[in-house]
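K.L.:
Have a look; sequence and predicted model below, questions after that.
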Amino acid sequence: MDFPNFKPDNKSLLKKYLSEAVFRKLINKKTTLGYTLSQAINSGLVNHDSGIGVYAGDEESYDIFSDLLDPIIEDYHGFRKEDNHQSNLSLADLELENPDAGGEYILSTRIRVGRNLKGFPLGSMISDVERKEVADKVKNALSLLEGDLSGNYYSLKNMSDTVKEEMINDHFLFKQGDRFMEASGLNRNWPEGRGIFHNHKKDFLVWVNEEDQMRIIAMQTGADIKSVFQRLATALEQLEKELVFSYIDRLGYISSCPTNLGTAMRASVHISLPQLSNNKELLEEITKNNHLQIRGVHGEHSESKDAIFDISNQRRLGVTEVEAVKDLYRGVVELIRVEKSLE
Ligand code: ADP
Ligand code: DAR
């Protein structure tokens, strides 16, 4: 493979940090399971509009390809290599009020974490047999969830198009893997081994074998961030009795994409900002200053609609889960303050 010829308008962190020297150093390396640099960067080469452009194929990828991945990780999370990641899911430390008790701005709150099972390759490298084994282990653990968390698993393969459409419109179900996932091998053998679990109240969901082997999600209407956080923390405590997740001290929970390392947490609100939607520069300045990212109403790579934005924490590594949620909280308080001042 020759050194890639990146397009001039390519703004990916892959282009930013894959120097010719790093390329020459890594191009013939592979992990014990056989994952190569070429596989790791293919998505960013095929998709010129990638923001990141790389995916790991296994936990060892973060060591073997660290000359490329470490600078990408430090750039995205603002995290220094010598730091060790810390986790904190203690509700007692989450001192915050409901940022929109009157329900004027925030339509809904969702907090998700990604998890992958220890001892298995990640989605870009996993075999069909291993992917089914992961699904079976996860389904078994989900069947043991107690109380309000108990519910049912629905395999994507057997799901009717009507139910699928309904779940996507309810923002419950993941869409078929996007072109970024396609080029990284994450969509292989779709929809085998993929599915969704949700509890009877439909405020707790788990995606199985999408971009990560699990996306564990608590969500509800309104802005009661603490209740959503508590439900997720309780679910993680129960699931960790049955499953061992891939975790290393330096990088926290291991994920397919480097943007989801550490806490692997994305805490988001769907928020209506009609004034700020007409002042995008100010909106982007506030979100940038508060370590937040903006997505559309159908998540990543979608557009905002009717001045409703998906606002969430950007940093997932080098911050604890409590700190990641506080990033969101502080930013949302500021957004609502400015929105009110523009009314
Ligand atoms: P992820 O959050 O897992 O990285 P996406 O950004 O694609 O993935 O979002 C997944 C789905 O969750 C999308 O349908 C998105 O609209 C929905 N979603 C995200 N945040 C919220 C929220 N605060 N309220 C309701 N739905 C949400
Ligand atoms: N679309 C890829 C991944 C960016 C982060 N989002 C994830 N992991 N879903 C990109 O390089 O833009």
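P.N.:
All right, it came through fine. Because the structure is a prediction, the values reported are computed rather than measured. Numbers count the residues shown, from 1 in each chain. Ligands and ions are numbered 1, 2, ... in the order given.
K.L.:
Measure how buried Glu146 is and give me the count.
P.N.:
By the criterion of other Cβ atoms under 10 Å, Glu146 has 8 neighbours. Where C-beta positions appear, they are placed from N, C-alpha and C, glycine not excepted.
K.L.:
Give the full set of residues in contact with Asp224.
P.N.:
Contacts for Asp224 (Cβ atoms under 8 Å, 6 or more residues apart in numbering) come out as 98, 109.
K.L.:
From ligand 1, how far off is it?
P.N.:
Distance of Asp224 to ligand 1, given as Cβ to the nearest ligand atom, to the nearest Å: 12 Å.
K.L.:
Run a quick neighbour tally on the residue in the stretch 201-343 of the chain positioned nearest to ligand 2.
P.N.:
Relative to ligand 2, the nearest point of the stretch 201-343 of the chain is Cys257 (3.2 Å; Cβ to the nearest ligand atom). When neighbours are defined as other Cβ under 10 Å, Cys257 has 24 of them.
K.L.:
ok, the spatially closest residue to it that is not a sequence neighbour - contacts?
P.N.:
Nearest residue to Cys257 in three dimensions, chain neighbours excluded: Tyr55, at 5.7 Å (Cβ to Cβ, 6 or more residues apart in numbering). Going by Cβ under 8 Å, 6+ apart, Tyr55 touches 40, 43, 122, 124, 184-186, 256-257.
K.L.:
Is it correct that the residue of the stretch 201-343 of the chain closest to ligand 2 is in contact with Leu186?
P.N.:
No: contact criterion Cβ atoms under 8 Å: Cys257 and Leu186 do not qualify, at 9.3 Å.
K.L.:
Now for the two: what residues contact both?
P.N.:
55, 211.
K.L.:
Verify the contact between Glu242 and Leu144 for me.
P.N.:
Yes: between Glu242 and Leu144 there is a contact under Cβ under 8 Å: 6.0 Å.
K.L.:
that older thread, let me see the contact set for the residue of the stretch 201-343 of the chain closest to ligand 2.
P.N.:
52, 54-56, 211.
K.L.:
Closest to ligand 2 out of the residues you listed?
P.N.:
Ile52 (3.5 Å).
K.L.:
related to what we said a few turns ago, pretty sure the residue nearest to Cys257 sits in a helix.
P.N.:
No: counting by DSSP: H, G, I helix; E, B strand; the rest coil, Tyr55 is not part of a helix but coil.
K.L.:
what's it sitting at in phi/psi?
P.N.:
phi -140, psi 150 (degrees, to the nearest 10).
K.L.:
That one and ligand 1, how far apart?
P.N.:
On the measure of Cβ to the nearest ligand atom, Tyr55 and ligand 1 end up 14 Å apart.
K.L.:
Now do that residue against Lys11, distance only.
P.N.:
Distance, Tyr55 to Lys11, by Cβ to Cβ, to the nearest Å: 18 Å.
K.L.:
Leaving out chain neighbours, which residue sits closest to Lys305?
P.N.:
Val297 (4.8 Å).
K.L.:
If you could redo that for Leu335, that was the one I meant.
P.N.:
Nearest residue to Leu335, sequence neighbours excluded (Cβ to Cβ, 6+ apart): Ile286, at 5.8 Å.
K.L.:
Quick check, central residue of the chain?
P.N.:
Centroid-nearest residue in the chain: Asn260, 5.1 Å away (criterion: Cα atoms, centre = their mean).
K.L.:
Now it, what are its backbone angles?
P.N.:
phi -110, psi 20.
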